[in-house]
Each structure stands twice: as structure tokens, then as C-alpha cells.
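Student: A structural model of the following input is requested.
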Amino acid sequence: VQFVESGGGLVQPGGSLRVSCEASGFMFSGWNMGWFRQAPGKGRDFVAAVDWNGVKTTYADSVKGRFTISRDNAENTVYLQMNSLAPEDTAIYYCNKASTDLRGLWEDDHWGQGTQVTVSS
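Tutor: Residues are numbered from 1 along each chain as shown. Coordinates of the predicted model:
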């Protein structure tokens, strides 16, 4: 199982960014997927999740209405579109398998390197 995140960078407050995660080593289309983030000095938190066929999505309250998760099963890739970014969104963003209730992580394993998102003027 492998996850490769990309697309992070430096963006000004109010800006937008889309991060991507390509998965391999398992049947991607059969799994719920999620995005998680870890801010400096803090633990890794749930951000968003999407079910196996891309129909149902859930979001942390802090990003609801600003972030959109989606997936392309043909490309084994999950995306996170982030709009109206704020300094408190600064973190390393990771993808991984999501739990069956789409509220958290399936298992605390197989983390990729993540992609750094920094929101600053």
C-alpha cells in the first residue's frame, strides 16, 4: 500500500489550492478514502472523506463549505479542492483509507510523505 501526495505550496489567505493523492498496492475503487492534516506541534486530524464510488462525502466542521473532496477511480487518485484558505489551514496534508462511517481513519498505517500547505501573506 502506498500513497503519494502532491500539489501543496504557499498560498495567500483567501486563496485556493488543489492537492492530489495517488494510491497503489490495493483495490482503490473498493475503499473509502480520506484526507487528514497535521499542523505544526499538533496531532493528525480528520479533514474530509469520500465513499468508494464518490457519492457520499463528509467534512470536518472547520473546513465545511470551503473544501471539496473527490476521487477518480480510473486514476486511483483522490483530490482535495481547498478554497478560502486561512492561516489555520497550514499543515501537512495526507491521504489514507477512511473508516466505514466516513468520520475517520481506517487504520493508522501506510502513511505517505504528505504535501505541505502553507497559508500566509
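Student: all strands for this structure, in order.
Tutor: Assigned by DSSP state E, the strands in the chain fall at 2-6, 9-11, 17-24, 33-38, 44-50, 57-59, 67-72, 77-82, 91-97, 115-119.
Student: Restricting to C-alpha, output the fourth one in PDB.
Tutor: Once side chains and other backbone atoms are set aside, the C-alpha atoms of strand 33-38 remain, and they are given as PDB (Å, rounded to 0.1, in the frame of the first residue of the first chain):
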ATOM      1  CA  MET A  33     -10.800   7.500   1.200                       C
ATOM      2  CA  GLY A  34      -9.900  10.500   3.300                       C
ATOM      3  CA  TRP A  35      -7.700  13.500   3.800                       C
ATOM      4  CA  PHE A  36      -6.000  14.200   7.100                       C
ATOM      5  CA  ARG A  37      -3.800  17.000   8.200                       C
ATOM      6  CA  GLN A  38      -1.100  17.700  10.800                       C
END
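Student: residues making contact with that strand?
Tutor: 19, 21, 23, 44-50, 69, 71, 78, 80, 89, 91-99, 102, 104-105, 114, 117 (CB atoms under 8 Å, 6 or more residues apart in numbering). To be clear about C-beta, it is placed using only N, CA and C from the backbone, and glycine gets the same treatment.
Student: Quick check: the gap between the closest residue to Val63 other than its chain neighbours and Leu105.
Tutor: Among residues not flanking Val63 along the chain, Val47 sits closest, at 5.8 Å (CB to CB, 6 or more residues apart in numbering). Per CB to CB, to the nearest Å, Val47 is found 11 Å from Leu105.
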